[in-house]
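Participant: Only the shape, not the letters, is given here:
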Ligand code: IPM
Ligand code: MG
């Protein structure tokens, strides 16, 4: 029997291509795993009315970890129109499977390292090395939304200012939810010899939910006197990050701000072709490239697989296979530094699989 059981979720578009690339690297490493394919994505939405079928949920629960490619998402109306005819009048509504997985398995940590590998022509500046801890289940992603705010709730005095026909999305932060992501950020900082944790918020305006995030941050920071801490409003932070990325180290943020700054940080180290993430809970962990399914490139084996290969690296790290994880990191660094094999985003013409093979050859 293999040492690990991995749920293998290619998904849509270029998802399958980048996963094929990651597999080349995992196999070359000699990672001892059995891979179990999981159905997920647009095809299953159209055929079954569910982009994340129950069998895939069961599979995830039975595996040690999951690697996930990408999925296509469309706005609710467009999604409903693509359903198989017999499913159309069932009132099904599309929800992004990745957001559902985060909620279902309580994957409260979204871990997104953004490191500028030396010699990457896409680096904004050499030497950037940021880590984003994004809260992954609450905030504006909590999923309590009203396309039309209900009349009976409008009768409550607190809600009487809401006009008729208003769309309302609730931003829900719990004390425990804030605390556990902030603790995860500080624990990571301590274990990885990081100097500072910065709290990202907008507590001057969003007083209740972001105010809670910031006050819990200050409480937790006091328990880690060995790690420096500060905080910044999300708007100012985006400017300061660009102005001087070296002032930052580990960033911790509520869900939506974390979504935004992780794209900003990714762009500073080469864009989404280099951005990997881990969605981590107590029992289940799903690793993925941060990019989408890029339908316009599907079938061309053109996109950069490094984000997915680095997601595999995060998975190995999380499983405790530190040495193998480090070998992937070193190999990626070598290929980037040599600059001989580059995908289109890096100004080259190597294919997805050529990049994977070049990395495998450096292991
Ligand atoms: C991400 C993505 C997702 C998100 C989308 C695909 C739902 O942008 O993982 O950052 O908003 O969280
Ligand atoms: Mg995002």
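Facilitator: Perfect, thanks for sending it. Values in this document were obtained by computation on a predicted structure and should not be read as measured data. Numbering: from 1, shown residues only. Ligands and ions are numbered 1, 2, ... in the order given.
Participant: Run a quick neighbour tally on the closest residue to residue 322 other than its chain neighbours.
Facilitator: Spatial nearest neighbour of residue 322, chain neighbours left out: residue 316 (7.7 Å); criterion: CB to CB, 6 or more residues apart in numbering. C-beta here means a position set from N, CA and C on the backbone, and glycine is covered the same way. When neighbours are defined as other CB atoms under 10 Å, residue 316 has 24 of them.
Participant: Quick check: next helix or strand after the helix or strand residue 308 falls within?
Facilitator: Taking DSSP states H and E as the definition, residue 308 sits inside helix 306-319. Using DSSP H and E, the next helix or strand after helix 306-319 towards the C-terminus is helix 322-338.
Participant: if we can go back for a sec, elements contacting the helix holding residue 308?
Facilitator: helix 15-29, strand 65-70, strand 109-115, strand 276-280, strand 285-289, helix 322-338, helix 352-361 (3 or more CB pairs under 8 Å, 6 or more residues apart in numbering; DSSP states H and E).
Participant: Against residue 194, how distant is the residue nearest to residue 322?
Facilitator: Distance of residue 316 to residue 194, computed by CB to CB, to the nearest Å: 20 Å.
Participant: do the same with residue 87
Facilitator: Residue 87 is 48 Å from residue 194, by CB to CB.
Participant: coming back round to it: give me the residues contacting the helix holding residue 308.
Facilitator: 4, 6, 18-19, 21-22, 25-26, 31, 64-65, 67, 69, 111, 113, 272-278, 280, 285, 287-291, 322, 324-325, 328-329, 332, 336, 343, 355-356, 359 (CB atoms under 8 Å, 6 or more residues apart in numbering).
Participant: Just the pLDDT for the closest residue to ligand 1 within the chain.
Facilitator: The chain approaches ligand 1 most closely through residue 96 (4.2 Å), counting by CB to the nearest ligand atom. Confidence at residue 96, expressed as pLDDT, is 89.
Participant: quick one, what contacts the closest residue to it other than its chain neighbours?
Facilitator: The shortest distance from residue 96 to any non-neighbouring residue, by CB to CB, 6+ apart, is to residue 73 (5.0 Å). Listed by CB under 8 Å, 6+ apart, the contact set of residue 73 reads 79, 94, 96, 292.
Participant: What helix or strand is residue 252 located in?
Facilitator: Using DSSP H and E, residue 252 falls in strand 250-253.
Participant: Can you list the strands that that strand pairs with?
Facilitator: Applying DSSP bridges to the sheet, strand 250-253 is found paired with strand 129-135 (parallel), strand 196-201 (parallel).
Participant: now what about it, what contacts it?
Facilitator: 130-135, 181-182, 185, 188-189, 194, 196-201, 217, 234, 237, 258, 261, 265.
Participant: hang on, the earlier thing: narrow the contacts of residue 73 to those that are buried.
Facilitator: With burial judged by 16 or more other CB atoms under 10 Å, the buried subset of these is 79, 94, 292.
Participant: This protein against ligand 1: which residues are in contact?
Facilitator: Residues of the chain lying near ligand 1 by CB under 6 Å from any ligand atom: 73, 96, 98-99, 259, 290.
Participant: Near residue 302, how many residues? Count them for me, please.
Facilitator: 18.
Participant: Tell me the helix or strand right after the lowest-mean-pLDDT helix or strand in the chain.
Facilitator: Taking mean pLDDT, DSSP states H and E as the measure, the helix or strand of the chain with the lowest value is helix 76-81, at a mean of 89. Remark: after helix 76-81, the chain's next helix or strand is helix 97-104, criterion DSSP H and E.
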